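Trainee: Pasting the sequence and the predicted coordinates here, then a few questions.
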Amino acid sequence: MKSLIIIISVALILGILYLIFRVGNLMSIAKGRPKDARVGPDNKIHAVLFVIFMIVSLVGFFWYSWANFDRYQLPIASEHGARTDALFWITMAVTVIAFVIISIIMFVFVFKYQYKEGNRAKFYPDNHYLELTWTIIPAVVLTILIITGLNAWTDITSPASKEAEVIEVMGQQFAWIARYPGKDNQLGDYNYKFIDAVNEFGLDLQNDKNTFDDFKSLELHLPVNKEILLKIRAKDVLHSVFLPHFRVKMDAVPGMPTQFKFIVTKTTEQMRTETGNPNFNYELACTEICGRGHFSMKMSVIVEDEASYEQWKASQESWLKQNPDYLNKIPVELREAAMIKAGIESDPGAVASAD
Amino acid sequence: MATTDIHIQHELHHHDDHEHEHHEGNFWTNYVFSEDHKVIAKQFLITGIFWALLGGILSVIFRLQLGFPDADLSWLQPVLGGWINIDPITQKGSLDPEFYLALVTMHGTIMVFFVLTAGLSGTFSNFLIPLQIGARDMASGFMNMLSYWFFFVSSVIMFVSLFLETGPAGGGWTVYPPLSALPQAIKGSGTGMTLWLVAMALFIVSSLLGGINYITTVINMRTRGMSFTRMPLTIWAFFFTAIIGLLSFPVLFAAALLLIFDRSFGTSFYLSDIFIGGEALANEGGSPVLFQHLFWFLGHPEVYIVLLPALGISSEIIATNSCKPIFGYKAMIGSMLFIAILSFIVWAHHMFVTGMNPFLGSVFMLLTLIIAVPSAVKIFNYVTTLWKGNIRFTSGMLFSIGMVSFFLTGGITGIFLGNAAIDIQLHDTYFVVAHFHLVMGSASFFGMLAGIYHWFPKMFGRMMDERLGAIHFWVTFIGVYMVFFPMHYIGIAGFPRRYYSWTNFDTFAGWADLNMLVSVAAILTLGAQFIFLFNFFYSIFRGRLAPANPWFATTLEWTTPRLPGHGNWPGEIPSVYRWPYDYSKPGAADDFIPQHIPYSETPESNLPHENELIKLETSNGEGAIIVEGKGH
């Protein structure tokens, strides 16, 4: 019943609109237009509307951008982020100036040179000096932007130092997991063929001793003020690591490990005080479409001072210790060493085989 | 129509339609399998309008989800069926997240390819090239017909894919593998993706058939006196567009073909080291980044395939309605040429953070930002064309001004995104969405609408209602800005694209208000398009009869009868004696001098070097007439 009423009323409204249109049409035919009129009666209205549009939208643009600055400007918490944001705002200044000037000129011209009976437009087909001017000015401005941008880009993508803290992040449908190198500070090798429900990283336990003390984390813990080299890979389809507060983004590509180096400048605690939000948390989001759960692919990020970071690391159990069944994937002669490195006291496999 | 047809037959001896020399042809040959460029143009147009409407509706459905995440969408169940998930507790309906991705994907595919490539180039290249260069038809009417029918079959297949149980393709319009290659990863990569690839392969065939025709026609079939430097900017734009398409679409075809191999025949071009659905796949050695390179080698030129025709159309309309020559005709051609060339060497700016070698990123950043120069030149030239004009705000003119405004607003944000260092943060956020929807989506869409309003009288012999056109313009113009401008803020805040909901992240959660505004504006904007639809179809049958030259334009199409028949001109094809922008020439009686008026008839307004040309006009010898003339 309700939908019927809606349908009938919509039909009625459309019918009325159509009638108004017809009547208006017939009226204009009856009134007739002067034969030599080259413009409709609304010409002036459009000219005025354009100017109103320009003023309202420019005022709205500046007002909103000013009033809501803190809302859309995410606090920066990385060294290179300060640099890219500076570039962003320099570019913003340059482009907004150009945008405002051109918009005003254009809409003022639209208003000023609206059709007037008896007026004649100026025959002005070209002017090489003008063309040259507005080729060279943008070219110069862009050159400056390009050079500053290139410098920043080269520095950001330059190789990480040897002392950098190496952490691996792996994307999979639809979660992130991190792997830390353990006490030896070496991430162990992996091979996707060793991946199974437990060995999510595909650790190559047979061939690489460095895997023994690697540990897995569902949260990303990072030390503050220390260079971090994030090794990024994907298990199934493309994902993309996005750390908005650190201005970090890099795709995770199956079959092609990627990386991003950065230095975080503020701990989670500092950020909580700075933003006045006691529940503030850094987050890692996925920004490459990866399927049904793309929008929920989140990892919590915790930034600590170096001491607490080291403490946290020391408190983590190695992956092998958590999954001692995998000891029997390790060649017999290496098992002892593996157990020591992984921090396993007794070999559950050995006990089982002794029974 | 009938009378003009008969007239033409006396004159027409070069053409290939001898079979219906003395009758009018039947319904099938006239309106369905027609080889007449004007009919084919209308076929492209109507199909394009259908797709635009569908693409718009799809976007409104996913905007409902984004703007009103708590709303009950169960009322959509009669249409969307199982794609609406009903919460067992609250009984509220919501969009299935996978269908959300399918909607986003199909919206992009439809709008970029089926509306703004086929609907825009297909319509206006077909309609205007022969009419504006003075040709009876396209170089090959048959290939032209095939071009439409390949597009039609492609459309049918793409349309059918919407109704599959597993849904249409859902990996984004860029269909990056492995997501698009593995049905285990997302349902849409099953049959939906197969149909997507088949449809796109046919689409590419259609596009190539059309493109070859446009290029050949422009080069070979210009009327006497229509030298390249006397071609309207529309033709230049279509010409460049066709060349770009011809060079880049085959690469997409290759990319699609390799993807088909990977999907169906076990090859590993794009797949490597994948563990999915509980098993490690055998594929090794491929690279997903290879697909991205191939895709964007088309994908970026595609932006200009979509944009250049709109720029050409608006140049023409702005000059006509400002009653002024387009400022810097040669600079306009030069900048289009420069843009066309650059469009081939900037593709990897879509890939700064895909793990591509950072050095490549530097090179592509440099090349990308150079594009801003010719684009800026174009904007300045538009503005200078308006200066001291005598501007008539026809519907076509309104939409052209709107297009320049979008081109400016959206183009400027490209300077951010082209800068690799800044792109790290903005890549794949709503900032990108805002950028390309304004500069390529809305600008091209406005170019298309401007073209429809402007050439409707020539297409259907009747006028569209100017007042409805104006209402359509203002609601759409403001609506589009309300939709896309707020997205810049959401994007600067880091909100990623293609997110079904943002409540999972504290960082992105604060934008319910702007998202709601965007959705409301999107619904209103779509609503305004129905005004256009009514105006369009009503005017085809009931519109005011069009005068031969309703906009006082100079180009050749306005020298044809009200409704040009097959062959376009009942008599001889007019010769061309001047460039297409003799508007408001000092000394001339009227403020426009059509291209077919010889200088000898306008001694009062000729410039000194034009008086020289009179001799060539009057010698009446074939050989003396300007170089590329037809019929030598």
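Mentor: Looks like it arrived, so ask away. Numbering: from 1, shown residues only, chains lettered A, B, ... in the order given.
Trainee: What pLDDT is listed against residue 185?
Mentor: With no chain named, the answer covers chain A. pLDDT recorded at residue A:185 is 89.
Trainee: I was after chain B.
Mentor: 93.
Trainee: what sits against it?
Mentor: Applying CB atoms under 8 Å, 6 or more residues apart in numbering or on different chains to residue B:185 gives the contacts A:173, A:236-237, A:290-291, B:178-179, B:276. Where C-beta positions appear, they are placed from N, C-alpha and C, glycine not excepted.
Trainee: Is it in a helix, a strand, or coil?
Mentor: Following DSSP: H, G, I helix; E, B strand; the rest coil, the label given to residue B:185 is coil.
Trainee: For residue A:66, see how far away the residue in the stretch 201-350 of chain A positioned nearest to chain B is.
Mentor: The stretch 201-350 of chain A approaches chain B most closely through residue A:255 (2.9 Å), counting by CB to the nearest CB. Applying CB to CB, to the nearest Å, the value for residue A:255 to residue A:66 is 47 Å.
Trainee: Settle it for me: which of those two has more neighbours?
Mentor: A side-by-side neighbour count of residue A:255 and residue A:66, using other CB atoms under 10 Å in any protein chain shown, places residue A:255 first with 21 against 8.
Trainee: correct me, but the more buried one touches residue B:288?
Mentor: Yes. In this structure, residue A:255 is within contact of residue B:288 by CB atoms under 8 Å, at 7.3 Å.
Trainee: Alongside chain A, which residues does the stretch 451-600 of chain B contribute?
Mentor: Counting by CB under 8 Å from any CB of the partner chain, the residues of the stretch 451-600 of chain B close to chain A are B:465-468, B:470, B:474, B:477-478, B:481, B:485, B:489-490, B:492-494, B:496-502, B:504-508, B:510, B:552, B:581, B:583-586, B:591.
Trainee: make it 6 Å
Mentor: By the rule CB under 6 Å from any CB of the partner chain, the part of the stretch 451-600 of chain B lying against chain A is B:466, B:470, B:489, B:492-494, B:496, B:498-501, B:504-505, B:507, B:584-586.
Trainee: Assumed residue B:447 was part of a helix.
Mentor: Yes. Judged by three-state DSSP, residue B:447 forms part of a helix.
Trainee: Not counting its neighbours along the chain, what's nearest it?
Mentor: Once flanking residues are discounted, residue B:447 sits nearest to residue B:310: 2.3 Å by CB to CB, 6 or more residues apart in numbering or on different chains.
Trainee: if we can go back for a sec, and which of the contacts of residue B:185 is nearest residue B:27?
Mentor: residue B:179 (45.6 Å; CB to CB).
Trainee: List the contacts of that closest one.
Mentor: Contacts for residue B:179 (CB atoms under 6 Å, 6 or more residues apart in numbering or on different chains) come out as A:237, B:171, B:185-186.
Trainee: Just say helix, strand or coil for it.
Mentor: Residue B:179 is classified as coil under three-state DSSP.
Trainee: Mind telling me which residue is nearest the centre of the chain?
Mentor: Defaulting to chain A. The C-alpha lying nearest the average C-alpha coordinate of chain A belongs to residue A:242 (CA atoms, centre = their mean; 5.4 Å).
Trainee: um, chain B though
Mentor: Closest-to-mean residue, chain B, CA atoms, centre = their mean: residue B:116 / 2.8 Å.
Trainee: Show the contacting residues for that residue.
Mentor: Shown in contact with residue B:116 (CB under 6 Å, 6+ apart): B:306, B:444.
Trainee: I'd like the distance between it and residue B:411.
Mentor: Remark: distance between residue B:116 and residue B:411 (CB to CB) = 16 Å.
Trainee: ditto for residue A:162
Mentor: Taken as CB to CB, the span from residue A:162 to residue B:411 is 44 Å.
Trainee: Settle it for me: which of these two has more neighbours?
Mentor: Each of residue A:162 and residue B:411 has its neighbours counted (other CB under 10 Å); residue B:411 has more, 23 against 8.
Trainee: Isn't residue A:228 up against residue A:165?
Mentor: Yes. If you go by CB atoms under 6 Å, residue A:228 and residue A:165 touch, sitting 5.0 Å apart.
Trainee: Next to chain B, which bits of the stretch 251-355 of chain A? Give me the list.
Mentor: Residues of the stretch 251-355 of chain A lying near chain B (CB under 6 Å from any CB): A:251, A:253-256, A:258, A:283, A:285, A:287, A:289, A:291-292, A:295-296, A:298.
Trainee: from these, which single one is nearest residue B:522?
Mentor: Proximity of these to residue B:522, judged by CB to CB, is greatest for residue A:295, which lies at 19.3 Å.
Trainee: The closest one: neighbour count?
Mentor: The tally of other residues near residue A:295 (other CB under 10 Å) stands at 24.
Trainee: before we move on, what about the one 4 residues further on?
Mentor: Burial of residue A:299 is recorded as 21 neighbouring residues (other CB under 10 Å).
Trainee: residue in the stretch 201-350 of chain B nearest to chain A?
Mentor: Closest residue of the stretch 201-350 of chain B to chain A, CB to the nearest CB: residue B:272 (2.9 Å).
Trainee: Surely that residue and residue A:257 touch.
Mentor: No. Residue B:272 is not in contact with residue A:257 according to CB under 6 Å; the separation is 11.3 Å.
Trainee: who's in contact with the nearest residue to residue A:119 once chain neighbours are set aside?
Mentor: Of all residues not flanking residue A:119 in the chain, residue B:390 sits nearest, at 5.0 Å (CB to CB, 6+ apart). Going by CB under 6 Å, 6+ apart, residue B:390 touches A:115, A:119, A:121, B:323.
Trainee: what's the spacing between the first one and residue B:324?
Mentor: Same thing as residue A:115. Distance from residue A:115 to residue B:324, by CB to CB: 12 Å.
Trainee: swap in the third one?
Mentor: Between residue A:121 and residue B:324 the distance is 4 Å, computed by CB to CB.
Trainee: Looking at the two, which is more packed in?
Mentor: Ranked by neighbour count (other CB under 10 Å), residue A:121 and residue B:324 place residue B:324 first, with 27 against 23.
Trainee: Residue B:391 is in contact with the more buried one, correct?
Mentor: No. Applying CB under 6 Å as the test, residue B:324 and residue B:391 come out as separate, 8.9 Å apart.
Trainee: Please, which helix or strand holds residue A:230?
Mentor: Assigned by DSSP states H and E, residue A:230 belongs to strand A:227-234.
Trainee: Listing partners with orientation, what would you give for that strand?
Mentor: strand A:165-172 (parallel), strand A:258-263 (antiparallel) (DSSP bridges).
Trainee: and among the ones you listed, the most buried is which?
Mentor: Of these, the one with the most neighbours on average (mean count of other CB atoms under 10 Å in any protein chain shown) is strand A:165-172, at a mean of 22.
Trainee: before we move on, back to that, show me what secondary structure element comes after the strand holding residue A:230.
Mentor: Later in the chain than strand A:227-234, the nearest helix or strand by DSSP H and E is strand A:239-243.
Trainee: low-confidence ranges in the stretch 251-355 of chain A?
Mentor: A:347-355 (pLDDT under 70).
Trainee: where do the strands sit along the chain?
Mentor: Just going to use chain A. Ranges of strands within chain A are A:165-172, A:175-180, A:215-217, A:220-223, A:227-234, A:239-243, A:248-252, A:258-263, A:282-286, A:298-304, based on DSSP state E.
Trainee: Correction: the question concerned chain B.
Mentor: Along chain B, the segments classed as strands by DSSP E run B:84-86, B:93-95, B:275-276, B:279-280.
Trainee: which residues in chain A form helices?
Mentor: Remark: helices assigned in chain A by DSSP state H are A:2-31, A:43-67, A:69-72, A:79-112, A:128-157, A:268-275, A:306-315, A:319-322, A:332-342, A:348-354.
Trainee: Comparing those helices, which comes out most buried?
Mentor: The highest average neighbour count among the helices of chain A, using mean count of other CB under 10 Å, belongs to helix A:319-322 at a mean of 22.
Trainee: All good on my end, thank you.
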